[in-house]
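Trainee: predicted model and sequence follow; I will ask about them next.
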Amino acid sequence: MTTVLVAEDDDDILLLVATRLRRDGYDVVTARNGVEALRLVRERKPDVAVLDIGMPPPDGLEVTRQIRDDRELASIRLILLTAKAQASDIQRGIDTGADAYVSKPFSPAELSARVAALLDG
Amino acid sequence: MRVSRDSWLVAGALSVQLVLSGIYFLFPRYGNVQYAIFEVFAGLAILEIAYGVRRYRPVPWSPWLVFALGIAAFIAGDIFTDAQPNAVSPSPSDISYLVGYPLLAATVVMLVISSGSHRRTGALLDAMIVTFAFSTFQWIYVMFPAVHASGPLGGRIVLGILFPVMDIILLGAAAGFFVTPAWRTPAFALLVLGMGTQLLGDTAVSLSPDYTGSGWTDWPFMASYIFWGAAALHPSMRRLGEPTERTVGGVSRWRLAVLAAALLSVPVARVIADVQGRMIGVWVVAALSGAICLLVIARIAGILRSMDRARRLLAEQNEELVQADRLKDEFIALVSHDLRTPLTSIIGYVELALDDGSDAPLDEERRRYLEVVARSSDRLLRLVDDLLLAARLQSGRFALNVGEADLEKVAQEVLDEMHGRAERKGVSLFAACEGPTIVEGDRRRLMQLLDNLVSNAIKFTPQGGRVELRVERALDGAIVEVLDTGVGIEEGDEERIFDRFYRSSSSVTEHVQGTGLGLFIARAIAERHGGSLVARRRENGGSAFRLELPARVVLTYPETEEELVA
């Protein structure tokens, strides 16, 4: 089964994303901050990680950087969740090594479609 | 300007009396009829003052009582003169007149004080400047010759010093009104006219040592009674003693003229005296001249200072306004951002609830409710996004995500999205494209731009109308036009509709929903691309919006940006 890690500090958003992805047939693990996210990435080796840029440190960008620096984790696909649909923000995320971004507010279906697209590609 | 009944009353009384005053000269000189006519005019003035006070109820009314007493003293003086025409100065008539003058001067001073003008340095300086300038003439033509003339000392002092000094005080006090708004009123003009004719009469009397009365020199005195009476009859008499606000001293043409006249009075008087071969009493004239110069300089310095104060105040207020505008933009940005977070939950959970994959399917009624929630939160989200974007555009913290955009595809997507809305409103939607039209730009923002234009066109086009979207390749870029057959743009509104939060009067009367941000954002996006967006009225009704985009983005702003909110 495909495993997706969702790291987000807002409980409501976390439940929203997790529910959508579970309904779509993914095995979902959740984290509420960067430390937890990094631990779960190493333990569970998910296929996709959805990271909130603004979660408690290390933030989404920092977690992305650390995952990309780790050769063992090279195959993980990364999606950044951003509250700011600003061009520079997105650019910074992509430069750090994220595969895609979804800006808040987003449709859960759209996020799920992004996950599916990354797994296909 | 509407002329009130009261103004007609004043004009009538004034002209009838001025004409009747001519009768005086038809009667034999030194006759009782002449004496009687003269006093009738003086008595009329007192009656007119009484009528004016009763009718207009000026606050305070005491200056007018003093004024009437002053005129009564003059009547007494006249009666003494008529009884003893050849009395030696200082005669009882001279004393009556000398009592009358201070009463007249006191009237003006009381009015000035109740209006608060005496507390203004400018008003005091104006009064002093006029006083000194007038003193120069009085000194050269009346006082100096009278003092050096032969005859009894008492008469010389009364005719040569006291009368002229009273005139000077009268004029100086009247000058105190210069800086209050009351000086433009008809009542003030008539009051000053009366004093002017009084001064004219006094000067004429002083200049003719063999004055015996009853000749043409009597007319100015009659005229001053007539003018004073008319002043009390005019409704504006009420305003003479009203407290006035401090006004910012400007350099009006009037004020400059008065100051220049004051400065020139001494040289002019000196030259005339020289031509006439008069003695002038050089020391007194030099002292007066010096005093006038210093006073005028003080006055001008005061005007400059008050203008400087006004300028500083304006700059401060301007700074505050800029600050307030910036705070407002920051506030909007902050609020919009904080609104987006809960909206994410609302939109997301509604979507989840409406999802057919759910274990417990919704009944039809609940589904309809949730669909309303979904539509409303979508609209709310768009509104918040527009506000946030507008705030960013305003503060310059907005950047494009530049890539390649095919305007034909963008247009097609916009039309697909708008199709439902146009159909519901009964508006037909057309597109005319020449094929792929590729420009450099932010695809998402360009879509937003066209979306705003088309949804705007649909909003303002009634049922049965048409909206057309045209995309053309240009020599160096592309031209997009959105044409509609709607209510059109009001004359002169072609630019204003792009202002932030501007709502045309038709959008208000037709109850068209909107924030007044759509066109502001559309134009801002066009300009960020180095393009332009203009609107015009179409000849057969409706509006046309023309967007010109360059093939390559012309960056007019720094590429990196400071984050507005973290």
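Mentor: Noted; the coordinates are in hand. Numbers count the residues shown, from 1 in each chain, chains lettered A, B, ... in the order given.
Trainee: might you list the low-confidence residue ranges for chain A?
Mentor: Along chain A, the parts satisfying pLDDT under 70 run over A:84-89.
Trainee: any idea which residue sits dead centre in it?
Mentor: residue A:50 (1.2 Å; CA atoms, centre = their mean).
Trainee: wait, what's in contact with that residue?
Mentor: Under the criterion of CB atoms under 8 Å, 6 or more residues apart in numbering or on different chains, the neighbours of residue A:50 are A:4-8, A:17, A:79, A:81, A:102, A:111, A:115. Using the backbone N, CA and C atoms, a C-beta is placed for each residue, glycine as well.
Trainee: recalculate using a threshold of 10 Å.
Mentor: Neighbouring residues of residue A:50 by CB atoms under 10 Å, 6 or more residues apart in numbering or on different chains: A:4-8, A:14, A:17-18, A:21, A:28, A:30, A:37, A:60, A:77-81, A:100, A:102, A:111, A:114-115.
Trainee: how is chain B divided into domains?
Mentor: What automatic domain parsing lists as the domains of chain B is B:5-119+B:154-245, B:403-550.
Trainee: so how far is the first one from its chain's centroid?
Mentor: How far domain B:5-119+B:154-245 lies from its chain's middle: 36 Å, per CA atoms, centre = their mean, to the nearest Å.
Trainee: where exactly do the strands run in chain B?
Mentor: Applying DSSP state E to chain B gives strands spanning B:403-406, B:428-433, B:438-441, B:466-474, B:477-484, B:532-537, B:543-550.
Trainee: quick one: low-confidence parts of chain B?
Mentor: With pLDDT under 70 as the threshold, chain B has low-confidence stretches at B:1-3, B:89-90, B:117-119, B:159, B:177-183, B:206-214, B:244-251, B:356-359, B:506-511, B:554-566.
Trainee: quick one: contacts for residue B:535?
Mentor: Applying CB under 10 Å, 6+ apart, the residues near residue B:535 are B:453, B:456, B:482, B:488-489, B:493-498, B:519, B:523, B:543-546.
Trainee: for it, give its distance to residue B:515.
Mentor: 18 Å (CB to CB, to the nearest Å).
Trainee: pretty sure residue A:109 contacts residue B:355?
Mentor: Yes. If you go by CB atoms under 10 Å, residue A:109 and residue B:355 touch, sitting 7.6 Å apart.
Trainee: hey, what's in contact with both of these two?
Mentor: Joint contacts of residue A:109 and residue B:355 (CB under 10 Å, 6+ apart) are A:20, A:24.
Trainee: out of the contacts of residue A:50, which touch chain B?
Mentor: Contacts with chain B within the contacts of residue A:50, counted by CB under 10 Å from any CB of the partner chain: A:17, A:81, A:111.
Trainee: contact partners for residue 76?
Mentor: Looking at chain A here, since you left the chain open. The contact partners of residue A:76, by CB under 10 Å, 6+ apart, come to A:3, A:5, A:41, A:45-49, A:64, A:67-68, A:70, A:99.
Trainee: wrong one, I was asking about chain B
Mentor: Residue B:76 makes contact with B:92-93, B:95-97, B:99-100, according to CB under 10 Å, 6+ apart.
Trainee: and for residue B:428, the neighbour number?
Mentor: 13 (other CB atoms under 10 Å in any protein chain shown).
Trainee: the longest helix along chain B near chain A at all?
Mentor: Across chain B, the longest stretch assigned as helix under DSSP state H is helix B:282-354. Yes. If you take CB under 10 Å from any CB as the test, helix B:282-354 does meet chain A, through B:337, B:339-352.
Trainee: any of those residues buried? List them.
Mentor: B:337, B:339-340, B:343-352 (16 or more other CB atoms under 10 Å in any protein chain shown).
Trainee: and chain A, which residues reach chain B?
Mentor: A:10-13, A:15-17, A:19-20, A:23-25, A:54, A:81, A:83-91, A:103-111.
Trainee: among these, which lie within strands?
Mentor: Judged by DSSP E, strands contain the following of the residues of chain A next to chain B: A:81, A:103.
Trainee: return the distance of residue B:290 relative to chain A.
Mentor: With distances taken as CB to the nearest CB, to the nearest Å, residue B:290 is found 72 Å from chain A.
Trainee: residue contacts, that residue?
Mentor: B:132, B:266.
Trainee: ok, now residue B:50?
Mentor: Applying CB under 10 Å, 6+ apart, the residues near residue B:50 are B:64-65, B:68, B:232.
Trainee: the residues you listed into a markdown table, with extra columns for distance to chain A and neighbour count?
Mentor: Formatted as a markdown table, the contacts of residue B:50 follow (distance: CB to the nearest CB, whole Å; neighbours: other CB atoms under 10 Å in any protein chain shown):
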| residue | distance to chain A | neighbour count |
| --- | --- | --- |
| B:64 | 75 | 23 |
| B:65 | 78 | 16 |
| B:68 | 81 | 21 |
| B:232 | 75 | 27 |
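Trainee: farthest-separated two in those residues?
Mentor: Greatest spatial distance among the contacts of residue B:50 (CB to CB): B:65 and B:232, at 11.3 Å.
Trainee: which neighbours do the two have in common?
Mentor: B:49-50, B:53.
Trainee: from these, which is closest to chain A?
Mentor: Chain A has its nearest neighbour among the shared contacts of residue B:65 and residue B:232 in residue B:53, at 74.8 Å by CB to the nearest CB.
Trainee: and the closest one, how far from residue B:94?
Mentor: For residue B:53, the distance to residue B:94 equals 30 Å [CB to CB].
Trainee: any buried residues in stretch B:257-276, and which?
Mentor: Quick answer for stretch B:257-276 (16+ other CB under 10 Å): B:258-259, B:262-263, B:265-266, B:269-270, B:273.
Trainee: how about it as CSV, C-alpha atoms only?
Mentor: Extracted in CSV, the C-alpha atoms of stretch B:257-276 (Å, rounded to 0.1, in the frame of the first residue of the first chain):
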residue,chain,number,x,y,z
ALA,B,257,-2.8,97.1,-1.3
VAL,B,258,-3.5,98.4,2.2
LEU,B,259,0.1,97.8,3.3
ALA,B,260,1.5,99.4,0.1
ALA,B,261,-0.8,102.4,0.5
ALA,B,262,0.3,102.9,4.1
LEU,B,263,4.0,102.7,3.1
LEU,B,264,3.4,105.2,0.3
SER,B,265,1.3,107.6,2.3
VAL,B,266,4.3,109.5,3.8
PRO,B,267,6.3,110.1,0.5
VAL,B,268,3.1,111.1,-1.3
ALA,B,269,2.0,113.5,1.5
ARG,B,270,5.6,114.9,1.6
VAL,B,271,5.7,115.5,-2.2
ILE,B,272,2.3,117.2,-2.2
ALA,B,273,3.3,119.4,0.7
ASP,B,274,6.5,120.3,-1.0
VAL,B,275,4.7,121.2,-4.3
GLN,B,276,2.3,123.4,-2.3
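Trainee: picking that back up, any idea which element the residue nearest to the centre of chain A lies in?
Mentor: Assigned by DSSP states H and E, residue A:50 falls within strand A:48-52.
Trainee: perfect, that will be all.
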